[in-house]
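> output the structure for:
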Amino acid sequence: MTWKTLDDMDLAGKIVLTRVDINVPVKDGAVTDATRITRIVPTIHDILAKGGKPVMLAHFGRPKGEYVPELSLKLTLPALREHLDCDVKFNEKPDRASLEAVPRGTAVLVENTRFAPGEEKNDPDMAAFLASLGDVYCNDAFSAAHRAHASTEGVAHLLPSCAGRLMEAELRALEAALGHPDRPLIAVVGGAKVSTKLALLGNLVEKVDHLFIGGGMANTFLAAEGIHVGKSLCEHDLAVTAREIMDKARGTDCTIHLPLDIVVAREFAAGAAHEVMGIDDCPEDGMILDAGPKTVAEFDSVLSNCRTLIWNGPLGAFEIEPFDTATVKAARAAAEATKSGRLISVAGGGDTVAALNHAGVAEDFTYVSTAGGAFLEWLEGKTLPGVAALQG
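All right, here's what the predicted structure looks like:
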């Protein structure tokens, strides 16, 4: 990858348009989870330290090109000031003169970019307007990099551009996981439906040595092999597709691992009566809600010989006990291997972050991405417009 970082840029006395993702949850006018704000702190601090003036561009919600008061980024100001530990000025209608007048050591937050109709259309006029405000463009919003919008892609072509610290860390982690990984390379893909991850599975079987499939997705693959899954979540209409993916894997020397045993219950409820069964023993009124101990043991065995792990999605219904067991045990095994220096572990996707937090190991993985859609599209092998625009 040929993108530049903040280390490559002269920022002294310059206005640095900084695309960030602070699309944070808000309740009763207050930020309830500041994770995305804390992740941009290194970038803003480094810009200030290098004598630059960070001007933050961000979206918030889906106002669809119209002004929506409850989606004003002004709501994030208290949290930004707290975590950035500097003065943050809010600029609703920025122009060059007003930004130049802001004193050094101050960051600026511009109003929600999606209030402008030209943002999501990647309108050249809006990109040119944004470029007129600054001297350098810094993209620190990998989570928005799969969108070709004026503030994520268009403006990057009009100014000297670089990746921020969060974007840099994300790209380096993904390059280590899929670009030039230490092998053997293992991937865990779980979740509810195969249909949402067809492109992901199709790309991974060409790249990884081992692919563990879990969650409701595994039921679809088991059913495709003629195994009865009772009342389990299953996309029976994708049986042919599942078999095609397994055939493709055989042709690329990728070993697909499906559950060897299953945890079955009659109801989807916390603490529901359940039992461990062989994969051929699910009763007609049973639901497969987790992988069993033999499956976890196989994962541990394969993982012990692997050097890189990509994780996307849980192995079972981790939201309710005791059907979180396989996910928690597998995640902790991966965390231990990472802490011992034997494994590079990269994880991402909404449920994945929640599952690793539930297991108490998110901090122990090499890198955990909160990017969601952008993370998935990267794993699918797609070109991300916001990243491509940084490459010179």
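> please make it C-alpha for all contacts and neighbour counts, starting now.
OK.
> what sits against residue 145?
152, 153, 374, 384, 385, 386, 387 (Cα atoms under 8 Å, 6 or more residues apart in numbering).
> so the first one sits in a helix?
Yes - the assignment for residue 152 (DSSP: H, G, I helix; E, B strand; the rest coil) places it in a helix.
> surely it and residue 142 touch.
No - judged on Cα atoms under 8 Å, residue 152 makes no contact with residue 142 at a distance of 9.3 Å.
> anything in contact with each of those two?
Counting by Cα under 8 Å, 6+ apart, the common neighbours of residue 152 and residue 142 are residue 386.
> surely residue 146 and residue 380 touch.
No - counting by Cα under 8 Å, residue 146 does not reach residue 380; the two are 11.8 Å apart.
> of those two, give the one with the bigger neighbour count.
residue 146 (24 against 17; other Cα atoms under 10 Å).
> where does the closest residue to the more buried one other than its chain neighbours fall, phi/psi-wise?
Once flanking residues are discounted, residue 146 sits nearest to residue 384: 4.6 Å by Cα to Cα, 6 or more residues apart in numbering. Main-chain dihedrals, residue 384, degrees, to the nearest 10: phi -90, psi 120.
> the longest helix along the chain: what's the following helix or strand?
Taking DSSP state H as the criterion, the chain has its longest helix at helix 325-339. Sequence order places strand 344-348 as the next helix or strand after helix 325-339, per DSSP states H and E.
> strand partners (parallel or antiparallel) of that following strand?
strand 308-312 (parallel), strand 367-369 (parallel) (DSSP bridges).
> orientation of the first one relative to helix 325-339 in degrees?
Regarding strand 308-312 and helix 325-339, their directions subtend 150 degrees when assessed with axes from the mean of the first three to the mean of the last three Cα atoms, to 10 degrees.
> got the contact list for strand 308-312?
177, 181-190, 343-349, 352.
> hmm, which of these are the buried ones?
Neighbour-count burial (16 or more other Cα atoms under 10 Å) is assigned, among the contacts of strand 308-312, to 177, 181, 185-190, 343-349, 352.
> on that earlier part again, ok, the residue nearest to residue 146 - contacts?
145, 146, 147, 374, 377, 378.
> Three-state assignment for the fourth one, please.
Read it as residue 374. Look at residue 374: counting by three-state DSSP, its state is helix.
> dump the host helix or strand of residue 138 to PDB, keeping only the CA atoms.
Taking DSSP H and E as the criterion, residue 138 maps to strand 136-139. Extracted C-alpha coordinates of strand 136-139, given in PDB (Å, rounded to 0.1, in the frame of the first residue of the first chain):
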ATOM      1  CA  VAL A 136      -4.200  19.100   3.800                       C
ATOM      2  CA  TYR A 137      -6.700  16.200   3.900                       C
ATOM      3  CA  CYS A 138      -6.400  13.500   6.500                       C
ATOM      4  CA  ASN A 139      -8.800  10.500   6.500                       C
END
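> direction included, what does it pair up with?
Sheet partners assigned to strand 136-139 using DSSP bridges are listed as strand 15-19 (parallel), strand 161-163 (parallel).
> for those, which one sits closest to residue 134?
Closest approach to residue 134 among the strands paired with strand 136-139 is made by strand 15-19 (4.8 Å; Cα to Cα).
> show me the contact partners of the helix or strand following the closest one.
Next in sequence after strand 15-19, counting helices and strands by DSSP H and E, comes strand 26-27. Residues outside strand 26-27 that contact it (Cα under 8 Å, 6+ apart) are 32, 33.
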